[in-house]
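From the sequence below, what's the structure:
(4 chains)
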There are 2 protein chains.
Amino acid sequence: MKLSERKEKILASIVEYYIATGEPVGSKTLLEHSPLSVSSATVRNEMAELSALGFIEQPHTSSGRVPSQLGYRYYVDNLMNSYELPVQEKRLIESRILSASGEPQQILEQAGQVLAEITNCAVVSTTPCDEHAVIRRVELVPIGTRTAMMIMLSSSGILKSKVCKLDCELSLDIIELFYNVVSKNFIGKSAEEVSVAMIQTLALSLGSKSLVVSPLLITLSDLAQMTEQTQLLLQGQSNLLNYTDYGNAYEIMEFLRRSDPLTSFFSSRKNADAPRILIGKENQFRELQDSSVIFSNYSVSGKESGTLGLIGPTRIDYARLIPSLKYLTEIVGSIMSDTLEE
Amino acid sequence: MKLSERKEKILASIVEYYIATGEPVGSKTLLEHSPLSVSSATVRNEMAELSALGFIEQPHTSSGRVPSQLGYRYYVDNLMNSYELPVQEKRLIESRILSASGEPQQILEQAGQVLAEITNCAVVSTTPCDEHAVIRRVELVPIGTRTAMMIMLSSSGILKSKVCKLDCELSLDIIELFYNVVSKNFIGKSAEEVSVAMIQTLALSLGSKSLVVSPLLITLSDLAQMTEQTQLLLQGQSNLLNYTDYGNAYEIMEFLRRSDPLTSFFSSRKNADAPRILIGKENQFRELQDSSVIFSNYSVSGKESGTLGLIGPTRIDYARLIPSLKYLTEIVGSIMSDTLEE
DNA sequence: GTTAGCACTCTAACAGATAGAGTGCTAACA
DNA sequence: TGTTAGCACTCTATCTGTTAGAGTGCTAAC
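Below is the predicted model of the structure:
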């Protein structure tokens, strides 16, 4: 549906005023803040029509208007003037992210912190998940006589480690045997290929040494699992407390903590180059019905890998946040790609 | 100061009732909940004296009494009956923590999550900091032709990694040279000994190869710094929102996020085997004046290494939380020690 | 030293009353 | 036909009493 130019102007004003102040807007207040060269009565008439069309709502009969979910949607799709980040700020952000250690997790952590600061929203992000990632290297570092730390590095740059306890002493030939088994059977394989069945048949084939090497192989398989699993990072939750009249902050924070639903939601929303915006009930989660979710995928070496997302009340500053999020996903992707480039 | 037996009984009842309900206690209500075989008038007289002594307070003239900071202190020091965790629950906790990867960070994360669940408080913890820790192993894993990931493992079990970018190709002899330099100059050294000056003189001594190896050495020094640095973990913040009438949750969460003050606070409070309790203004932080802080150190291989702490309103269930925290620090310490045992 | 009784105080909860912001409708106007 | 001024109306937030109830401190008797 296409609104008249004047209606669009009025709708945009209502949305922007309400985003800025959090107060419902009346016809008179609206005229004060965005001159329209018509009287308040005319504005009232237009507003009544916008109400009838479902773009704005009244919290109660004699109050000003507030954008409805539909109103925000129309605004975002048709009326919004994106506000680009100034170059100066972009530089600042870039340098902060580059100060991270270069590991994907750390890069995301830095990026998330920056995002939380500049957007005043809760930030969720997922670690890169590359279906084609393979095991690149496995290291076994003895710690005690019967304990060792195993470290796994995947081709997507993910580093995981786990301590492994053995039933007997870790001798040099065991270590050598292990490295042989690893380079023959695991290096270059994807995490999915490391199945329990595979570990078992492998253990059997080792005969008498099987007992000693088995714990190591199990740890290896655990690590493969961990490498493959997408992790959800959560930052800036306390920002949500800044908004009065914004649902039950506790409920939202608890929902975010139970990260599973969001992780699978993000994983299933690939193939979106531009930021995607879900306003209010447009998302499927009961706990987020009063929230807007903006998320965007970052790509590592040309492949979409993970997601950065913002969660806040429906009255967030879309015009500012969307470009910010877009910039952050671009920079995260490019820094991660840089690290991995051959 | 020693109170009469009856006063102690009354004070204990007030504290326990208020902790349980959050409501100020009057003389009559108190009698209903803990039979004392005296009349409410007598209780009132005793309460008046307790008020005069500063152990209890009245929010307003005609309301019930609430324990003062002094009252809580007396209760904790003299009246409290500790409630031990049932063995069953201890088992459950232990198994959950053992499911972690064995790395200190992960163990702490698991333990913190458990603590947050059973205490309904915010949980802070610091990663182990062992002044005598030395660099145990350094690994260099090539990722691209000009990038490599460096991994450092300390004798205290801390694992850190960082991506290193080089100006030229990473040849095999460079790698060999690097490993030689590392085993000769860094293995067995403490992080403090890895100074900028040391790196510089070392680089100079390498002559023409210096240019290539320098970036690696700088990364190495960065890693040493990271290994040495104590990190603060933060969990269960949203628990603080459960308490109505408990200061400004936002302010407290923001304070916790700016982790520096707490980190240095904990580091300076070593040498305390039992949990330490700071009630209300007993702690130095303006933001935590309405909170109680309970913290306890965990020991790895007999040496105090890090801290687990609880933060909640002054009316938390000391009798239950203190033993829980104590148990958690013991188990964290023993699991970490297990991992490192020679 | 303990207790019953009483006057007193303060709060939370409820009920009007009022000001103000905003609306929709109508009639007049360009 | 679109625009505007004017007006009656509505609803909320705020303030002001009022009241019930919980709790106190004090006094006098036991």
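
which parts of the stretch 51-200 of chain A sit against DNA strand D?
A:60-63 (CB under 7 Å from any atom of the strand). Backbone N, C-alpha and C define where each C-beta goes, glycine included.

Please identify which pair of the residues you listed lies farthest apart.
A:61 and A:63 (7.3 Å; CB to CB).

Could you list the low-confidence segments of chain A?
Residues of chain A meeting the criterion pLDDT under 70: A:271-272, A:341-342.

could you say what helices and strands the lengthiest helix in it packs with?
Counting by DSSP state H, the longest helix found in chain A is helix A:318-340. Under the contact definition 3 or more CB pairs under 8 Å, 6 or more residues apart in numbering or on different chains; DSSP states H and E, helix A:318-340 sits against helix A:87-98, helix A:104-119, strand A:291-300, strand A:303-313.

For the first one, enumerate the helices and strands it packs against.
Meaning helix A:87-98. By 3+ CB pairs under 8 Å, 6+ apart, helix A:87-98 packs against helix A:104-119, helix A:318-340.

In contact with the residue of the stretch 101-250 of chain A found nearest DNA strand D, which residues?
Residue of the stretch 101-250 of chain A nearest DNA strand D, by CB to the nearest atom of the strand: residue A:245 (9.9 Å). Contacts of residue A:245 were listed using CB atoms under 8 Å, 6 or more residues apart in numbering or on different chains, and they are residue A:22.

ok, now how distant is it from DNA strand C?
16 Å (CB to the nearest atom of the strand, to the nearest Å).

can you put the helices and strands packed on helix A:318-340 in CSV and add mean neighbour count and distance to residue A:163?
Shown next, in CSV, are the helices and strands packed on helix A:318-340 (neighbours: other CB atoms under 10 Å in any protein chain shown; distance: least, CB to CB, whole Å):
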stretch, mean neighbour count, distance to residue A:163
helix A:87-98, 14, 31
helix A:104-119, 21, 19
strand A:291-300, 23, 29
strand A:303-313, 24, 27
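
quick one on the thing from earlier: who has more neighbours out of residue A:61 and residue A:63?
residue A:63 (13 against 5; other CB atoms under 10 Å in any protein chain shown).

The more buried one - that's part of a strand, no?
No - under DSSP: H, G, I helix; E, B strand; the rest coil, residue A:63 falls outside any strand and is assigned coil.

how much space between it and residue A:29?
Residue A:63 is 11 Å from residue A:29, where distance means CB to CB, to the nearest Å.

And for residue A:231?
Counting by CB to CB - residue A:231 and residue A:29 are separated by 46 Å.

What of residue A:296?
Taking CB to CB, one finds residue A:296 at 34 Å from residue A:29.

How about residue A:10?
12 Å.

Look up which helix or strand residue A:129 falls in, please.
Residue A:129 is part of no helix or strand, with elements assigned from DSSP states H and E.

Please apply the same query to the one 3 residues further on.
Residue A:132 belongs to no helix or strand when elements are defined using DSSP H and E.

Can you tell me the closest non-neighbouring residue to it?
Excluding its sequence neighbours, the residue lying closest to residue A:132 (CB to CB, 6 or more residues apart in numbering or on different chains) is residue A:190, at 7.0 Å.
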